[in-house]
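Participant: Test case, fold it:
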Amino acid sequence: MTNKILDPLNEAQREAVTSPSLATLVLAGAGSGKTRVLTHRMAWLHQEQGLSLHSMLAVTFTNKAAGEMRQRLSTLLGPNEASSGLGGLWVGTFHSLSNRLLRMHHQEANLPSSFQILDSDDQLRLVKRMLREANMDETRWPPRMVAGLINGWKEQGLRARHLATSGDHLNDAIMPVYQAYEDICQRGGLVDFTELLLRATELLRDHDTLRQHYQRRFRQVLIDEFQDTNSLQYAWARLLVGEDNGIFAVGDDDQSIYGWRGAKIEHIHDFARDFSNTHLVRLEQNYRSTGHILDAANAIIMRNQGRLGKTLWTEGERGQPIRYYLAFNEQDEAYFVTLQIEQAVRDGLPRSDCAILYRANAQSRAIEEALIRAGLPYRVRRFAIPGLRRFAFL
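Facilitator: Sure, this is the predicted structure:
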């Protein structure tokens, strides 16, 4: 008899999906099927363990990932079960789930029912207003820097009242601005993105009855991209899980890229300390890259300090060996890249199958000039990762 939940999985994926432990940490390498594991875990808990979808909460890193998770789960469960159960499932980003909590419990959170969410541009305008009212020159106190400090304090769970003068000129000068910012937001019912998380965390922390209600409801909390959680998000999750519920976290300590905005890889390392009897599963089989690519990646990443350790491998082809060219300067580099594309196109490769990745925007000019001289049409595309762009050919 076939089992559509477990049969499509490899051995490590099945181990993760069927983990009996209340606390499971899945180290999922790139291209190892982590989204599949999360959705199959939810389906397995529902169909094999009898846990209602109403009793699960899943946290994703983007709204797009949340939609994909719902779609995959719907396909796994079938139309009848999906239509009756998915409505009770909470799945979304930390911010969207926090917003949902605050809308439902705005009184306990000391917010108006119609509170407004400030995006980053709105927040920046408000900070500029606070600086003007404090007679602080924007050239000396850049608004983006001030907003970053305020968000950083919030991510540490610190309100303005928690801060004390420390002799640090920058922090001491911004503290009154933070207090004024908090006051005007409270009076106007304004909530910025970081405030969503902080206010929801405080809501769960300070209201025992409410926290216990959600701990009873959400018997399983599942978290994607766990390596990119910041301190506030980790505290939020721990409050919801409590001591008796299950937590299933999927992440990769080799892929933590959001340290610049507060993400802490230490949360993966501390997981076993904070959640007893942790079951650690490594997803090492890669379905995305060739053997040569994985060998190179493994050789580089093994030099990182403090890894929990895993080695990616594939049953797929070895692929073409990696080639590198040591260019004399940036013009030589751009010329070489252009020659390779021209040769590939002459050999029959569609231009739309060619792409150039580059690390810094400053590298763009020489490449564009070389492409223009060669008569190669292209389009520059931006990625969600700041500073990473690529050329896509038409």
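Participant: domains in this structure, as residue ranges please.
Facilitator: Split into domains by automatic domain parsing, the chain comes to 11-100+198-300, 116-188, 330-393.
Participant: would you list every one of the helices in the stretch 51-200 of the chain?
Facilitator: Remark: helices assigned in the stretch 51-200 of the chain by DSSP state H, counting those that start in this stretch are 63-77, 79-85, 94-104, 120-133, 143-155, 169-188, 193-206.
Participant: Turn the domains of the chain into a markdown table, columns for mean neighbour count and distance to residue 324.
Facilitator: (Glycine included, C-beta is placed from N, CA and C.) Formatted as a markdown table, those follow (neighbours: other Cβ atoms under 10 Å; distance: least, Cβ to Cβ, whole Å):
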| stretch | mean neighbour count | distance to residue 324 |
| --- | --- | --- |
| domain 11-100+198-300 | 18 | 10 |
| domain 116-188 | 15 | 37 |
| domain 330-393 | 14 | 11 |
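Participant: sorry, back to before: of the helices of the stretch 51-200 of the chain, which approaches residue 255 most closely?
Facilitator: helix 63-77 (14.5 Å; Cβ to Cβ).
Participant: Stretch 278-291 spans what distance, first to last residue?
Facilitator: From its first residue to its last, stretch 278-291 covers 31 Å (Cα to Cα, to the nearest Å).
Participant: same deal with stretch 56-65?
Facilitator: Stretch 56-65: ends 17 Å apart by Cα to Cα.
Participant: who touches it?
Facilitator: 35, 38, 42, 45-46, 66, 69, 89-94, 96-97, 218-225, 228, 237, 240 (Cβ atoms under 8 Å, 6 or more residues apart in numbering).
Participant: tell me the mean pLDDT over it?
Facilitator: Averaging pLDDT along stretch 56-65 yields 94.
Participant: Using CSV, lay out the domains of the chain together with distance to residue 320.
Facilitator: Shown next, in CSV, are the domains of the chain (distance: least, Cβ to Cβ, whole Å):
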stretch, distance to residue 320
domain 11-100+198-300, 7
domain 116-188, 42
domain 330-393, 12
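Participant: Residue 109 is nearest to which of those domains?
Facilitator: domain 11-100+198-300 (4.9 Å).
Participant: Now do the end-to-end distance for the closest one.
Facilitator: Separation of the first and last residues of domain 11-100+198-300 by Cα to Cα is 26 Å.
Participant: do stretch 235-251 as well
Facilitator: End to end - Cα to Cα - stretch 235-251 spans 17 Å.
Participant: those strands in the stretch 201-350 of the chain, which residues are they?
Facilitator: 220-223, 246-251, 279-283 (DSSP state E, counting those that start in this stretch).
Participant: Output those as CSV; include the columns distance to residue 380.
Facilitator: Below are these laid out as CSV (distance: least, Cβ to Cβ, whole Å):
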stretch, distance to residue 380
strand 220-223, 34
strand 246-251, 31
strand 279-283, 34
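Participant: among those strands, which is nearest residue 270?
Facilitator: Per Cβ to Cβ, nearest to residue 270 of these: strand 246-251, 11.3 Å.
Participant: Quick one: list the elements packing against that closest one.
Facilitator: strand 23-28, helix 34-47, strand 220-223, helix 266-274 (3 or more Cβ pairs under 8 Å, 6 or more residues apart in numbering; DSSP states H and E).
Participant: wait, which of those is closest to residue 196?
Facilitator: It is, among the helices and strands packed on strand 246-251 and with distance given as Cβ to Cβ, strand 220-223, at 17.0 Å.
Participant: Strand partners (parallel or antiparallel) of the closest one?
Facilitator: Strand 220-223 pairs in its sheet with strand 56-59 (parallel), strand 246-251 (parallel), by DSSP bridges.
Participant: Out of those, which gets nearest to residue 163?
Facilitator: Comparing the strands paired with strand 220-223 by Cβ to Cβ, strand 56-59 comes nearest, at 29.0 Å.
Participant: Report the contact partners of residue 44.
Facilitator: Residue 44 touches 5, 6, 17, 18, counting by Cβ under 8 Å, 6+ apart.
Participant: now do residue 200
Facilitator: Contacts of residue 200 (Cβ under 8 Å, 6+ apart): 97, 98, 101, 102, 109, 236.
Participant: Residue 193 versus the spatially most central residue of the chain, what's the distance?
Facilitator: Most central in the chain under Cα atoms, centre = their mean is residue 61, positioned 3.8 Å from the mean C-alpha point. According to Cβ to Cβ, to the nearest Å, residue 61 and residue 193 sit 14 Å apart.
Participant: Equivalent analysis for residue 176, please.
Facilitator: 23 Å.
Participant: Equivalent analysis for residue 273, please.
Facilitator: 29 Å.
Participant: Over to residue 353?
Facilitator: For residue 353 relative to residue 193 (Cβ to Cβ), the value is 38 Å.
Participant: go on, residue 253?
Facilitator: From residue 253 across to residue 193, the span is 25 Å (Cβ to Cβ).
Participant: what sits up against stretch 235-250?
Facilitator: When contacts are defined by Cβ under 8 Å, 6+ apart, stretch 235-250 is touched by residues 19, 21-26, 28, 34, 37-38, 41, 57, 59, 94, 98, 157, 197, 200-201, 204-205, 211, 214-215, 218-226, 229, 268, 271, 274-275.
Participant: same thing with stretch 153-169?
Facilitator: Stretch 153-169 is contacted from outside by 171-172, 175, 178-179, 181-182, 194-195, 197-198, 201, 230-232, 235, 262, using Cβ under 8 Å, 6+ apart.
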